[in-house]
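Visitor: structure for this input, please:
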Amino acid sequence: MGQNKNTKKMVLCESCGAEFDATLVRCPYCGTGYAPAEEEEYMESLEGIRTDLDAHAEVADDSIKKGIGATVLVGLLVFIVLLSLLIGGVSISLKLQRNKVENQKQEFLQKQGIETE
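Guide: Predicted coordinates:
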């Protein structure tokens, strides 16, 4: 007859010879480790660690993207402010230069005896 599906696989302990359930990591009688069950438990814990790392990687990626976005925004704002200051400074300088030239022109015309409006 075939083996019952509900029957647990049993193994013999290499140290004490006792029979125990193959899903146990250690012999319940002497504590000797059962390699296949230990390996399965280890692999399950590695899978849990991998899952945790994947979750943390997603969070880290999101944080990096937000940080880069904020840095770009701040850089853009600084660029706009500096550009505005530069344009304002150039405009003021040109206006002062025009006023100076206009004043020199007026003085020259007055010295020549030419009246201006």
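Visitor: which residues of the protein fall in helices?
Guide: 35-111 (DSSP state H).
Visitor: spatially central residue for it, please.
Guide: Compute the mean C-alpha point of the chain, and by CA atoms, centre = their mean the closest residue is Ile64, 2.1 Å away.
Visitor: what's the per-residue pLDDT of that residue here?
Guide: pLDDT, Ile64: 89.
Visitor: and if you look at the one 10 residues further on?
Guide: Val74 is assigned 96 on the pLDDT scale.
Visitor: count of residues packed around it?
Guide: Val74: 10 surrounding residues under other CB atoms under 10 Å. Using the backbone N, CA and C atoms, a C-beta is placed for each residue, glycine as well.
Visitor: before we move on, the earlier item: return the distance of the residue nearest to the centre of the chain relative to Thr71.
Guide: For Ile64, the distance to Thr71 equals 10 Å [CB to CB, to the nearest Å].
Visitor: with Ile49 instead?
Guide: 32 Å.
Visitor: with Tyr29 instead?
Guide: 62 Å.
Visitor: tally of neighbours for Cys13?
Guide: Neighbour number of Cys13 under other CB under 10 Å is 19.
Visitor: over to Asn99?
Guide: Neighbour tally, Asn99, other CB under 10 Å: 10.
Visitor: start at 281 instead
Guide: With 281 as the first residue, the last one maps to Asn379.
Visitor: tell me the confidence at it?
Guide: pLDDT, read off for Asn379, is 95.
Visitor: can you check Gly282 too?
Guide: In this model, Gly282 is scored at 44, pLDDT.
Visitor: where does the protein have low pLDDT?
Guide: Low-confidence segments of the chain (pLDDT under 70): 281-286, 396-397.
Visitor: again, only this time at 90
Guide: 281-288, 334-346, 389-397 (pLDDT under 90).
Visitor: the more surrounded of Tyr309 and Thr351?
Guide: Neighbours per residue, other CB under 10 Å: of Tyr309 and Thr351, the larger number sits with Tyr309, 13 against 10.
Visitor: need the contact list for that one.
Guide: 293, 296, 298, 300 (CB atoms under 8 Å, 6 or more residues apart in numbering).
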